[in-house]
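> have a look at this prediction, sequence included:
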Amino acid sequence: MAKKERIDDMGFGGLSLIQDEGGFRYGIDAVLLATFAADAVREPKRICDLGTGNGAVAMILLAKFRQAALTGVELQPQAADMARRSAVLNGFADRCEILTGDVRDLPFEESQREGFDLVVTNPPYVRGGGPMVSSRKEVALARHEIEGGLENFLDAAAALLRDHGTLCMVHRPSRLVDILSEGRRRHLEAKEILPVAPRKGKDPNLVLVRFLKNGGSELDLREPLYVYEGSDYSPSIMALYEREKG
């Protein structure tokens, strides 16, 4: 491993993840997305992770779906390389392919499109650039729509999903109108919304959305999920990590 890299315990029965100490590291967004997606589908055969980063979501899904093959697409070569090595570390190399590429120019053959049962994505949350953009390129690209925005990730998901395939996304509530309207334009119909709030009494700061390609218009708006109880993770969050609170 490179000097600035470390191996972190993700939970989930001993999953490991290689991370760059000075780069963008996975957070609870990834855990929420992966576990939300795992509850949304039954035994998918083919999964695609758009903007896979260092592979946090990919590793969790590969652990949960032992018969699935996963393809990740990541723009930044260093992050893609860490994801590949994490797959090897966890024994997933034979079921995991990480492609270095741009969601705006998918690195797939035409025959591979419309063939995925499940697509997951944690796209950059913030429109364009702005004064709060990090000076670290890998962090800036992960947080801001600098090289690919919401519409590009939805375009890619629509192109890759089979008919009635599932897309799961984590994003900010402030973008929810765009998420739903842009999804519908691409025949991705929102079926479930799960708001996530820091704690009871606080407004949601994340939202998980499940889409069905060419699905009907029924929508399930769920009760919020609370991340913290006091200063610790709530029992619901600890359960997602498959750890007991104590």
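In hand now; what should we look at? As the structure is a computational prediction, the values presented were derived from the model and not from experiment.

> please enumerate the helices of the protein.
Assigned by DSSP state H, the chain shows helices spanning 28-40, 56-64, 77-89, 137-143, 150-160, 176-185, 235-240.

> which of those sits most buried?
Highest mean neighbour count among those (mean count of other Cβ atoms under 10 Å): helix 56-64, with a mean of 25. (Each C-beta comes from the backbone N, C-alpha and C, glycine too.)

> just the mean pLDDT for that one, thanks.
Per-residue pLDDT values across helix 56-64 average out to 98.

> helices or strands up against it?
Helix 56-64 sits against strand 5-11, strand 15-20, helix 28-40, strand 46-50, strand 69-74, helix 77-89, strand 96-100, strand 116-121, with contacts defined as 3 or more Cβ pairs under 8 Å, 6 or more residues apart in numbering; DSSP states H and E.

> in this protein, which helix or strand is least confident?
helix 137-143 (a mean of 45; mean pLDDT, DSSP states H and E).

> returning to that earlier point: of the helices of the chain, which shows the lowest average pLDDT?
Between the helices of the chain, the model is least confident about helix 137-143 (mean pLDDT), which shows a mean of 45.

> which ones are touching Gly72?
If you count contacts by Cβ atoms under 8 Å, 6 or more residues apart in numbering, Gly72 has them with Cys48, Asp49, Thr52, Gly55, Ala58, Ala80, Ala83, Cys96, Glu97, Ile98, Leu99.

> quick revisit: got the helices of the chain as CSV, with distance to Gly13 columns?
Written out in CSV, the entries for the helices of the chain read as follows (distance: least, Cβ to Cβ, whole Å):
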stretch, distance to Gly13
helix 28-40, 13
helix 56-64, 7
helix 77-89, 14
helix 137-143, 27
helix 150-160, 29
helix 176-185, 32
helix 235-240, 13
